[in-house]
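> I need the structure of the sequence given here:
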Amino acid sequence: MDEVIISRAIIEGYARELLNYSEVDVAIVGGGPAGLSAGYFLGKKGIKTALFERRLSVGGGMWGGGMMFNKIVVQSEAREILDEFGISYQEYKKGYYVADSIESVSSLCYYAVKAGTRIFNLISVEDVMIRENDRVTGLVLNWSAVELAKLHVDPLTIKARLVIDATGHDAEVCNLVCRKIGKKLSTPTGDVMGEKSMWAEIGEKEIVSFTREVYPGLMVAGMVVNAVFGLPRMGPIFGGMLLSGRQAAEIAANLLRT
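Numbering: from 1, shown residues only. Below is the predicted model:
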């Protein structure tokens, strides 16, 4: 057993994939439920997609269920998403389905990768590329360890025809764009409006209906939608986030065609 061969296999294998995904159709930022859902449905369509997650693990807040009870709730409208990913569930009351959060995250990750989406973890997005036509055309990336250690290390870039911000409550990419170019998002204020207090019924509906392109080349999915458009948060019900990911994939596919 040669340790150098092992090291070379890892370095060469990773480098090949990073080079291959230096230009993609869609770059997803954030590997929570919406990002993984979008990645799966994009990959299923044969769209070249890379997902960048700053943490060691994907899944966002879904791992912890509600207050570290590792169960999640999904409503009737999203039950077909659970079926799509082969996630087992039980009906608690009519229209309310309970699933294991660990199984759910594992399934989302597995199917997204098998569909063809490449997940790069431990990578942070520190900036976006915006060209003369006022369009987001790519991401500026660095290792998360560099960000955490506050080291002055220059980043690298990738090119993307579309970027999906799926970074959750913080809406990191959208906030980046606003800091760089001003209030130009397609919201009533042009800015990230900030999510409102919890109202699951409204939040679960509007997270899907407001999933869209908010700036040329930049889409939102998942809790970013609620943060950008000032919508209510929902708590540990995850159907809307899964549906938002699927909706983002559908919109992205249409935008790429046109």
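> next one: residue 29 from residue 140, what distance?
As judged by C-beta to C-beta, to the nearest Å, residue 29 and residue 140 stand 11 Å apart. C-beta here means a position set from N, CA and C on the backbone, and glycine is covered the same way.
> with residue 241 instead?
26 Å.
> so which residues of the stretch 51-200 of the chain form helices?
79-84, 101-115, 144-149, 172-181, 200-209 (DSSP state H, counting those that start in this stretch).
> got a markdown table for these, with distance to residue 194 too?
Shown next, in a markdown table, are those (distance: least, C-beta to C-beta, whole Å):
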| stretch | distance to residue 194 |
| --- | --- |
| helix 79-84 | 27 |
| helix 101-115 | 26 |
| helix 144-149 | 23 |
| helix 172-181 | 10 |
| helix 200-209 | 14 |
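> give me the more crowded residue out of residue 29 and residue 140.
Each of residue 29 and residue 140 has its neighbours counted (other C-beta atoms under 10 Å); residue 29 has more, 29 against 16.
> ok, residue 21 touching residue 28?
No - counting by C-beta atoms under 8 Å, residue 28 is not a contact partner of residue 21; they are 11.5 Å apart.
> give the residue spans of this protein that score low on pLDDT.
Applying pLDDT under 70 to the chain picks out no residues at all.
> now with 80, please.
Residues of the chain meeting the criterion pLDDT under 80: 132-133.
> tell me where it has strands.
For the chain, strands defined by DSSP state E occupy the ranges 23-29, 49-53, 71-75, 89-93, 96-100, 118-121, 123-130, 136-143, 156-165, 213-215, 218-220.
> could you list the residues in contact with the fifth one?
By that I understand strand 96-100. 70-76, 79, 82, 87-92 (C-beta atoms under 8 Å, 6 or more residues apart in numbering).
> of all those residues, which two lie farthest apart?
70 and 76 (22.2 Å; C-beta to C-beta).
> what's the neighbour count on the residue nearest to residue 85 when sequence neighbours are not counted?
Once flanking residues are discounted, residue 85 sits nearest to residue 107: 4.4 Å by C-beta to C-beta, 6 or more residues apart in numbering. As a burial measure, residue 107 scores 20 neighbours (other C-beta under 10 Å).
> cool, residue 129 as well?
When neighbours are counted by other C-beta under 10 Å, residue 129 comes out with 16.
> how about the contacts made by it?
136, 137, 138, 139, 140, 157, 159.
> before we move on, back to that, now the common contact residues for residue 29 and residue 140.
residue 125.
> so residue 50 makes contact with residue 21?
Yes - counting by C-beta under 8 Å, residue 50 does reach residue 21; the two are 4.4 Å apart.
> those two: who's more crowded?
residue 50 (25 against 20).
> let me see the contact set for the more buried one.
Counting by C-beta under 8 Å, 6+ apart, the residues that residue 50 touches are 21, 24, 26, 27, 28, 117, 118, 119, 120, 158, 160.
> if you set the cut-off to 6 Å instead, what comes out?
Applying C-beta atoms under 6 Å, 6 or more residues apart in numbering to residue 50 gives the contacts 21, 24, 27, 118.
> how close does it sit to residue 139?
Residue 50 is 9 Å from residue 139, by C-beta to C-beta.
> overlap of the contact sets of those two?
residue 27.
> number of residues surrounding the closest residue in space to residue 27 that isn't next to it in sequence?
Nearest residue to residue 27 in three dimensions, chain neighbours excluded: residue 160, at 3.8 Å (C-beta to C-beta, 6+ apart). Using other C-beta under 10 Å, residue 160 has 27 neighbouring residues.
> isn't residue 160 right up against residue 140?
No - using C-beta atoms under 6 Å, residue 160 is not in contact with residue 140; the gap is 11.4 Å.
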